[in-house]
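1. Sequence and predicted structure, then a few things I'm wondering about:
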Amino acid sequence: MGAELNGLREQLLVHVREQGGAMDALVADALRTVPRHIFLPDLPPDDAYRDEAIVTKRDEAGRPTSSSSQPTIMAIMLDQLGVARGQKVLEIGAGTGFNAALIAHIVGSRGRVISIDLDPEIVGRAEENLSAAGGCERITVLNADGVLGHPDRAPYDRIIATVGVWDLAPAWLEQLGPEGRIVVPLDLRGVQRSVAFEREGDHWASRSTRACGFMRMRGSFAGPEREYLLDKDTQLTLGLPEAREIDRDAVLEALDAPEAEVRTGVSPDRLELFDGLALWLAVREPRWFSLSEAPPGTRLPNAPLVAPDAVLTAGILDDFGLATLSSDNGELTVTGTERIAEELAEHVVAWDEAGRPGSAGLHIDAYPAGTPADGDFVIDKKCVRLVLSWT
């Protein structure tokens, strides 16, 4: 069985590297060594070593509240973090404990990992998993609000959040050492990007930016993003970057009987859609929204993005109607209210003509809130002002 498990870990590592993660030798060795199946005790090993996010807890409505993240994005974020031997790392969001175990393997016997989670049940399970895995004495899991960090063990060499954050908590920045780095799945008006920040003069500057998708932080630091369940039977869910009045019946009527269809002539691949067009709409179009449905997609049969647990699209919604993106043999088409469909199609064409920009050339500076700052786009949070630019 040991040889079989080693083989599964090696196969996973090969796949993760093909997807752009685990390029750092220490991260690769951690993925090759730490047994993910122990942190997912309810799954057979073959399932545990798939490159998929695994939901581990849901709320009373059936919505996911905790998971073991997809190994590829975990490896990408650890690459971004640049963890080294002997470092002290603060993790916001404990999950199953697997990410903390990976970090502990990297920092070695002289390093330390503090993992914080708001949910006592998640903390208890993470501790059980870490105990079963063995060799994790360098990890402390605490039940607390991660927004406050853990000042008792500060300063930290590295801080990583494994939950989607809307803002940069002052406690994290205060508790990070002078040469430290923080990696967070940061909300950019409804889309997330894993951003590695370091100090640069009077502000924080990004060192790398990668596409990602995480469950949102709960508690005192939750953001304004809202989800509206439109159809319980198909789990049709509309996501907005902030709360708005929604006429459910009008949205469903517009989806089921669109006035117009506009062809764009643009045929992006899946990564370009997820990484590029979604970000373009989020930062440029205040009326943008996301839409997801359980497969096979009864109301979204031609959704341009298909994941194991959902089909997804995006669009524009205002008081006069809506328009959404569809795929016709790879070409993006827009259906919906005629005027809005034309406007959404114009966004698609403009993004294409701009070279389909995504995360690769994105730079983000984070200044204290209210600081005068210029850039291509400015997003104001409670604690920081984000300035986005593309190179």
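-> Structure's in. What do you need?
2. Would you point out which residue is most central in this structure?
-> residue 213 (2.3 Å; CA atoms, centre = their mean).
3. State the next helix or strand along the chain beyond the lowest-mean-pLDDT helix or strand in the chain.
-> Sorting the helices and strands of the chain by mean pLDDT, DSSP states H and E puts strand 64-68 at the bottom, at a mean of 76. For strand 64-68, the following helix or strand on the C-terminal side (DSSP states H and E) is helix 71-81.
4. How far away from the center of its chain is that next one?
-> 12 Å (CA atoms, centre = their mean, to the nearest Å).
5. List the backbone torsions phi and psi for residue 10.
-> When read as degrees, to the nearest 10, the backbone of residue 10 gives phi -70, psi -40.
6. and what of the one 10 residues further on?
-> Dihedral angles of residue 20 (phi, psi; degrees, to the nearest 10) stand at phi 100, psi 10.
7. same thing with residue 257?
-> Torsion angles, degrees, to the nearest 10, at residue 257: phi -140, psi 70.
8. do the same with residue 284
-> Dihedral angles for residue 284 - degrees, to the nearest 10 - are phi -110, psi -20.
9. Adjust the sequence numbering to begin at 19 for everything that follows.
-> Done: numbering now begins at 19, and the last item shifts to residue 302.
10. Identify the residue spatially nearest to it, adjacent ones excluded.
-> Excluding the flanking residues, the one nearest residue 302 by CB to CB, 6 or more residues apart in numbering is residue 365, at 7.0 Å. Where you see a C-beta, it was placed from the backbone N, CA and C, and this is true even at glycine.
11. So which other helices or strands are in contact with the strand or helix carrying that neighbour?
-> Secondary structure assignment for residue 365, by DSSP H and E: helix 356-371. Applying 3 or more CB pairs under 8 Å, 6 or more residues apart in numbering; DSSP states H and E, one finds that helix 356-371 contacts strand 278-281, helix 296-302, strand 328-336, strand 339-346, strand 349-354.
12. packing partners for the first one?
-> It stands for strand 278-281. Strand 278-281 packs on strand 349-354, helix 356-371, going by 3+ CB pairs under 8 Å, 6+ apart.
13. Likewise for the third one?
-> Taking 3+ CB pairs under 8 Å, 6+ apart as the contact definition, the neighbouring helices and strands of strand 328-336 are helix 296-302, strand 306-311, strand 323-325, strand 339-346, strand 349-354, helix 356-371.
14. Those: lowest mean pLDDT?
-> Lowest mean pLDDT of the helices and strands packed on strand 328-336: strand 323-325, a mean of 87.
15. Name the residues of the longest strand along the chain that are buried.
-> Using DSSP state E, we find that the single longest strand of the chain is strand 194-206. Neighbour-count burial for strand 194-206 flags 194, 198-206 (criterion: 16 or more other CB atoms under 10 Å).
16. for it, the distance to its chain's centre please.
-> Centroid separation for strand 194-206 versus its chain: 14 Å, with CA atoms, centre = their mean.
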